[in-house]
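Peer 1: What follows is a predicted protein model with its sequence.
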Amino acid sequence: MSSLIYDVTTPAGYLPFNVNALQVVTFSIIQPVEGTSYFTLETKANVNGGYDQNSQKSTSASFTYNSSNITNVVYDNYKMSAVVRKGMYELYYTPSVSITGSELIVRGVVGGFRTFPAPGATEVWGTAGNDVWGLTSTAVWGT
């Protein structure tokens, strides 16, 4: 079994190892700030910023966890996100296909709208009236 300790306040990065199909990976998620944050797994986007038939289906997987403080797990074949409350919890990831680590981004989102972009990504912040928005080369979010 492979494992990774990940603090949601650290910059995004690629999974540092490959994973065989049906191999369980334990993510020990550290969420040190008050309130809720997000833990996200995301397939590296293609040159057009999306996914196609050649994209790795990184999150075609099962996800289980050891705490009710991990909630609202949502995923499709290319990305997964879960709400994580303050503390340290384990999330178990079992992909249905073999995964190349350099194709899977591990990311934390803190405070509801702050993100840490993947290596090489562009990040832009702005405001419009009372709204705050952000843009990375792989995600858009706002309040």
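Peer 2: That came through fine. Numbers count the residues shown, from 1 in each chain.

Peer 1: contacting residues for the closest residue to Gln56 other than its chain neighbours?
Peer 2: Leaving aside its sequence neighbours, Gln56 sits nearest to Glu103 (C-beta to C-beta, 6 or more residues apart in numbering; 4.5 Å). Placement of C-beta: from N, CA and C, glycine included. In this structure, Glu103 makes contact with Tyr14, Thr43, Lys44, Gln56, Ser58, judged by C-beta atoms under 8 Å, 6 or more residues apart in numbering.

Peer 1: Quick check: the farthest pair among those?
Peer 2: Within these, Tyr14 and Gln56 form the most distant pair, 11.7 Å apart (C-beta to C-beta).

Peer 1: Those two - which one has more neighbours?
Peer 2: Shown here are Tyr14 and Gln56; by other C-beta atoms under 10 Å, Gln56 has more neighbours (19 against 15).

Peer 1: Could you check how far the residue nearest to Gln56 is from Met88?
Peer 2: Distance from Glu103 to Met88, counting by C-beta to C-beta, to the nearest Å: 27 Å.

Peer 1: can you check Gly111 too?
Peer 2: Distance of Gly111 to Met88, computed by C-beta to C-beta: 18 Å.

Peer 1: Ok, Thr9 next?
Peer 2: Plainly put, Thr9 is 13 Å away from Met88 if you go by C-beta to C-beta.

Peer 1: shared neighbours of these two, anything?
Peer 2: Contacts common to Thr9 and Met88, judged by C-beta under 8 Å, 6+ apart, are absent.

Peer 1: still on that earlier bit, name the nearest of the contacts of Glu103 relative to Val33.
Peer 2: The closest of the contacts of Glu103 to Val33 turns out to be Tyr14 (C-beta to C-beta; 23.6 Å).

Peer 1: which ones among the contacts of Glu103 are found in strands?
Peer 2: Residues of those located in strands (DSSP state E): Tyr14, Thr43.

Peer 1: From the contacts of Glu103, pick the one nearest Ser98.
Peer 2: Each of these was checked against Ser98 using C-beta to C-beta; the closest is Gln56, at 8.9 Å.
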